[in-house]
Every structure is written in C-alpha cells, then in structure tokens.
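A.B. asks: Structure for the following, please:
(chains A and B)
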Amino acid sequence: MTLAPQLALRKVDKVYPGHPPLHVLKDIDLSIQAGEFVAVVGPSGSGKTTMLSIMGTLDQPTAGEVWIGGVNAAAIGEVERSVLRSDVIGFVFQQFFLLPSLTALDNVAEGMLYQRRRRAERRRLAMAALEQVGLASRARHRPGELSGGEQQRVAIARAIAGQPGILFADEPTGALDQTSGHLIVDYLRTIADAGTTVVVITHDQALAARFDRKVSLLDGAIVRDQRRRASLRPPSPVGASR
Amino acid sequence: MTSADHSPPPDDATRVWPAAEASTLQFDPTAPDALASPDALASPDALTGPGALTPPGALVPVIPPAPSRRGGATRLRPAARPRSGSGGRLGRWLSRRGKTRRRMFLSDVVATATLGPRSRPLRAILSAVGIGVGVTALVAVLGIPASQQAQLQAEYDAWGANVIVVTPGQERQTGETTALPDTAPAMVGRVRLVSSVFTVRSTPAETYAYRNDQVPAGETGGVTVWVGQGDPVGALHAELASGHWFDAANNDLPTVVLGATAADRLRVGVGQRVWIARSWWVVVGVFDRLPRYSAEFDSAAFLSPGWSARLFEADQTPIASIHVNARPGQAARVRSVMAATVNPARPSGVQVSDLSMLAYSQTSVMETFGMLALGLGAVALLVGGIGIANTMVVAVMERRGEIGLRRSLGARTGQIGLQFVLEATVMGFLGGLIGIGLGAYAVFCYTAYQGIVFAVPLWTLAAGPAVAAAVGVLAGLYPSLKAARQPPTTALRVV
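C.D. replies: Below is the predicted model of the structure:
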C-alpha cells in the first residue's frame, strides 16, 4: 500500500520584489509523507527558511500550491491558515521564543492558546508534553533558569503539546552545543516515530546525516533528495511532472 | 499538459471528514496513489468547484478519536456528498471551524492582555502614572467644589435654611439704589416669627483698621470696617473665639469686635487696641471662623454702635445688610413679609435673598476656576496617552519575536491587535485607578485642611478609569495595528 503525501509543494516560486527582484525559491516540488523525519540542508541564502515558512503557512508563495493535509494553503484565507497553524502545524525556532515571564509549564500551555481549550486542559496537556521531553521536574522554572538545551526542549514541548500533525523546526540546534543538539534531534526523532511529520532545517551536514531523509537546497532549488531507509518509503515524485 | 486538463476529483465514498473536534490530519489509507499521477495534484482553483480543495489521492483528514471516550480506536465516517458551488467540504469545515472555534476564552484574552504589564510592572505603572496625573486633576477639580457644595449643604441643613439676608435693592425703572430706612431693624425685630436680627452698617469711605497709628494709610490689610448692631450669634451663627459681643457696659465706649481673619491680620487680641478712623478702639471680642455663607465677615471689624453714633453722622452709616434668623420652618413666611416690613413705603427697593441663592453664586465662581483646572487635567490625560503610546510602540518592537511566535501558534492578526489594544487599555485603566486614588486623597487633604465636609462625586470614580481606559485604547490603536500588520516571517526574523 502506498501512502499519499501529507505535505506537498507544487511548482512553488517565491520572489521578493525589489531591484532586482530576489528569486528565493524556484519551481520547488516536494512531497513529504506522514511520520517522515526530514532534514532540509543548504548554505545560508539557499532558501531553506523561506521554504519552511511557506510550508508552515507563515508566508505565501508567489506561485504554486502548498498542500497540507488535503488543503491548498496557498488558496485559502488567512483565517483558515491560522487554523492550520494552531491545530495542524507546530513550530520550533532557533531562538526558542519562550516568554520570559512565564514558567516552562505556562510557556508550553501558551502553545495551545489559540485552540480554544480551557486553561486546565492546556496545562494538563502541557505537563504531558513536558514529560515527553523529560522536563517535568522543571515545569515551575522560568526560561531564565533553564539551560539553552532545556529551553529548546520546552519549545519543542510547546510545539507538540497541541498534538500537531506536522512539526517544523528552523535550526533548532543552532544556538546549542553539540551534546544538547544531539539530544534535541533524539527528541525530534521520537516525535516522528510517534507519527508526527518532522521537517528540520539545518546547515549542519553531520546533524542532517542522522535524519531519514535529507533534502538539499542550493540557490532556491532542490539539488538532492536522499533517503536513508529508501525501502520503507515510496520514491520521491520530485521532477516527475516535468 | 495545462492545468485546465485536470480531471475532477473522484467521488470517493470511503473518504472521511473531520468532525469539529478533529485536531490532527492523518492519511486515508484507502485513497488512490497520488504519486501515480502527479498532475492531478495541480488543481488550479482550489476554492471553486465541489471537492476542489482535495487533490485526488492526497491525504484527507481523519477524525482522531477522542481518547477519553473511544479509547484510541480510529473510527471512519462515511462522507456526505459535497454540495455543489461551495468551497468544498474541507473548505466549509475550515471556515466553520474558523467561525466556531477560533474565539479565545475571555479569561485567556484578559490573561494575554495583562501579560506585558505583569512581566514589566514598573514600566506599566510608570506609563500609567501619566494618565493617573490627568485623572487626579479631574477628580480633584470635581471633588473640591463638590466638597464645598456639600459643606454649604451641611451648613444650610443645620441652620442656614432659616437665614434671610436683606440688602438695599435697585429700583427697576431708575436703577438707583434705595437706602434701607433706619427703622428697618426694629421693624424686623417686631415680626413674631423672627428669632434674631443682626444689622450691618457701612462706615464712611476710606475707613480702615490698622494695628497702630504708625501704619501707613495704604496698608489696610483688607480688613473692612462696619458697624455691627444686634445679635450676630443668633443671626450669623457666629461664635466668639474670645471675649464677647457689645453689651450695655461697652456699647458707648470705643470698642470693636474682630473677625478671625481680621484679628490675624492686625495681630491683635482681646484687650488690645486698634487704630480706626483716627482714634483708638479696644478689642472686646474676636469671632471664630464664620459659617461659609457669612464668611465675608471673617475679615471684618465691627465697631460698637453706641460710640459710632457719636463719631459719625447718621447718614454716614447707612444699613448695608440685615441678617434675619427666622424661627425653624418659618423662613418662607418671614421672607414673604420682609420687603414690606423693611420699607413699607417702597417694598420694591428691598432685596431679600436666602442662602440657596448665595450658595449658587459661590459655586459658579468655583466653576470658572474649575474650567482652568479641567483643561489642565485634559492636557495631563493627553500627555499620559502619548506616554502609553510610546510604551506600546517600544513593546511592539521589543516583542516582535513574541508576535511572530503567536502568529505561528495560530493567532490571527485581529487577536494580535486586540492583545496590544487591551494591553494599552489595561495600562490606561490602571492609570485611572491611580488617578482616582490620588485625586480623592488630594480632595481629602484639602477638605481636612479647610475643615469642611469631604465629598467626591461618585460618578467621577467610575468615569475616571473609564476615561483613562478610553485614552489607553486611543493610544494603543496605532502600535497595535503595527503589531498586527507585521508579517509573521518578519516578526520571527531576529536581527
């Protein structure tokens, strides 16, 4: 049985207006299945972050389609996209973006603020998510009292507490030392194994080697798409339509 | 192959759709393999045509079981056929969810709006203080006259209701002032319902009181000189702080009774002398502060009527006013007969007033004064509003990351804007609370110093925070729009 893609970019172009216009993404085609554990690699300026923003509906492509779970996010309204972001998509950022005045638990609970869940339910789910990243004991601590690695784990807990189908991470280990970075990747893999699609941007090739699939970007185009366990996945459709 | 060639999506009855509680998207294993025909994915107008939102063979959302109720088993629901002409089933699902599930709980809205002030309390309070000063001014400006009014009312309620003041009136036709006849005090005293009468006579022009004969004539100290006759204790409710009023023993001697302010200015007390009309007068009594409605006599010196009659010609001391105290409850009747009693020949030349009129004239003076202070309060509010706007602009710049994060968590632009508008409103409201506290305290201090009744109009306690919150809304509008309009990618880009 073959699986349909959960996440697909179709002929996605992104041009930033200017003199001259900046063609950041060129005709990107990419399909990602549910539960895949994907690294997007490339030098800075290759369009990784823009691609992630477009996949995560934070940005709109200039042309092309962004299919997320059967919905073309490029063709729906901003309100619907915000629903996708709150219910279907989770984000982890390099700078964590934890709110300094809130405890770890409240930071995680804040991730479900726009899902119309009651505070008690949010906190219960947040506690479960903190347990998943091994930080239940630090629930009452504020971000300032946590190490960088712990802060990023809190951010991951925030992203997964609402049980999203897809998790995007933009250089999640960029601000961390190697040990903490490896631990973060281990947690992300656990999340992927539990069925959540995980797409991670990194410029670190060594780190990317630990992912099941590595998509390489250069100058706004996909130049390579490698799978480590190819036998478990269907072949990539990249370029098949041309 | 052009996009117009794409075939309509297959009607797949096994495809399932999420119920309102769906929160994840999963694969439908029964969907045909999309990868076999990638072109079919390129649907050109995803929002038009039935089912266009679903690329053929793409995954479709599956209802995840509610774990508590169904124990984790996935239940597939047969799909209803899509109605034609709409945005597709998932589109409808999304828009319905958009309407029904996107609203935040009020408690969360409040908690989010107060997050900024709570995490930076000092800054919030300092920005609120600007507005607080404005509200303080407004409350004080409204509270001080209100206290004076309340004091007047209290005095009026105590005994002022019985006080009637008779003064020379103006003829309507000629505009001339008609002097009150010398017989008037005796006539008034004979009215049965009158309990006491006090007559105030003018003294010749340029008659002033001095501490001694060495004081230059120009330094009058603002002390007015009158001849006082009758019963000031009964008619003016004047209490003597020391000494006593004229009696048979000193009436025919050069004696004087001073108001409290006059005694202060002349720096004399009972038993000492003052220099009036080129002769020495002995102080036999000093009044306490007079009730507000007769406070003009605080700075007066009253000469003994017996000695004055010897010193001045009769026409040099015309009657300035007659203060009449009616028996309780009889003020209206006394008032009605007063003009004819005082001057039977020309009742129209007599002006009769009571305290409610005096009270009115006093508050109007306070209102003129109040307009100025009211303007000052408005300026303070404006400055306070600018302070809050400034704080909010800084907060929006500082919290760009938070704004981007919230957008990535699914906050709509409106929710971001609302958060910041409410935050500014909270600060304004806080300023309003500070303002009514300080304002009420200022009024309290003033009334305590003046020894009068403390009163602040209740509506100002509600209006203060309301006005301050409104200023906060106005101040927060621009920064909030700025916050809401930030594209999430810009907000998340940390330089």
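A.B. asks: For residue 105, give me the pLDDT.
C.D. replies: As the question left the chain open, I've gone with chain A. pLDDT for A:Leu105: 96.
A.B. asks: actually it's chain B I care about, not the one you picked
C.D. replies: As predicted, B:Phe105 sits at a pLDDT of 86.
A.B. asks: That one and A:Tyr114 touch, don't they?
C.D. replies: No - when contacts are counted by CB atoms under 8 Å, B:Phe105 is not listed as touching A:Tyr114 (10.8 Å). In short, each C-beta sits where N, CA and C put it, glycine included.
A.B. asks: Settle it for me: which of these two has more neighbours?
C.D. replies: Ranked by neighbour count (other CB atoms under 10 Å in any protein chain shown), B:Phe105 and A:Tyr114 place A:Tyr114 first, with 26 against 13.
A.B. asks: Find the nearest non-adjacent residue to that one, please.
C.D. replies: B:Gly410 (3.9 Å; CB to CB, 6 or more residues apart in numbering or on different chains).
A.B. asks: where along the stretch 51-200 of chain B do the helices fall?
C.D. replies: B:67-70, B:89-100, B:106-113, B:115-119, B:121-158, B:184-190 (DSSP state H, counting those that start in this stretch).
A.B. asks: returning to what we had before: how about the secondary structure of the residue nearest to A:Tyr114?
C.D. replies: For B:Gly410, the assignment made with DSSP: H, G, I helix; E, B strand; the rest coil gives coil.
A.B. asks: how close does it sit to A:Gln60?
C.D. replies: 16 Å (CB to CB, to the nearest Å).
A.B. asks: which residue does chain B bring closest to chain A?
C.D. replies: Using CB to the nearest CB, B:Gly410 is the residue of chain B that sits closest to chain A, at 2.3 Å.
A.B. asks: mind checking pLDDT for that residue?
C.D. replies: 91.
A.B. asks: Relative to A:Asp27, which of the helices of the stretch 51-200 of chain B is closest?
C.D. replies: With respect to A:Asp27, and counting by CB to CB, the nearest of the helices of the stretch 51-200 of chain B is helix B:89-100 at 26.3 Å.
A.B. asks: list the contacts for the residue nearest the centre of chain A?
C.D. replies: For chain A, the residue nearest the mean C-alpha position is A:Phe168 (0.3 Å; CA atoms, centre = their mean). By CB atoms under 8 Å, 6 or more residues apart in numbering or on different chains, A:Phe168 lies in contact with A:52, A:55-56, A:89-92, A:199-201.
A.B. asks: Leaving out the residues flanking it, which one is nearest to it?
C.D. replies: A:Phe168 sits nearest to A:Gly56 (CB to CB, 6+ apart), 4.7 Å away.
A.B. asks: Over to A:Ala159?
C.D. replies: Of all residues not flanking A:Ala159 in the chain, A:Gly90 sits nearest, at 3.4 Å (CB to CB, 6+ apart).
A.B. asks: Could you dump the helices of the stretch 51-200 of chain B into TSV and include distance to chain A and mean neighbour count?
C.D. replies: Below are the helices of the stretch 51-200 of chain B laid out as TSV (distance: least, CB to the nearest CB, whole Å; neighbours: other CB atoms under 10 Å in any protein chain shown):
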stretch	distance to chain A	mean neighbour count
helix B:67-70	10	9
helix B:89-100	4	18
helix B:106-113	6	15
helix B:115-119	3	19
helix B:121-158	10	21
helix B:184-190	76	17
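A.B. asks: Compare those helices and give me the one nearest B:Phe444.
C.D. replies: helix B:121-158 (8.6 Å).
A.B. asks: where in the chain is pLDDT low?
C.D. replies: All of this is about chain A. Applying pLDDT under 70 to chain A flags the ranges A:1-4, A:229-242.
A.B. asks: That was the other one, I meant chain B.
C.D. replies: B:1-102, B:156-159, B:355-370, B:494-495.
A.B. asks: try 50
C.D. replies: For chain B, applying pLDDT under 50 flags the ranges B:1-90, B:98, B:100-101, B:495.
A.B. asks: middle-most residue in it, spatially?
C.D. replies: Taking CA atoms, centre = their mean, chain B has its central residue at B:Thr460, 3.6 Å away.
A.B. asks: any idea how far A:Asp212 is from that one?
C.D. replies: 68 Å.
A.B. asks: What of B:Gly401?
C.D. replies: The spacing between B:Gly401 and A:Asp212, counted by CB to CB, is 31 Å.
A.B. asks: and the residue nearest to A:Ile32 when sequence neighbours are not counted, what is it in contact with?
C.D. replies: Distances taken as CB to CB, 6+ apart place A:Leu7 nearest to A:Ile32, at 4.2 Å, with adjacent residues excluded. Residues near A:Leu7 by CB under 8 Å, 6+ apart: A:30-32, A:55, A:67-69, A:166, A:197, A:199.
A.B. asks: Could you give the bridge partners of A:Leu7?
C.D. replies: Beta-bridge partners of A:Leu7, counted by DSSP bridges, are A:Ile32, A:Ile68.
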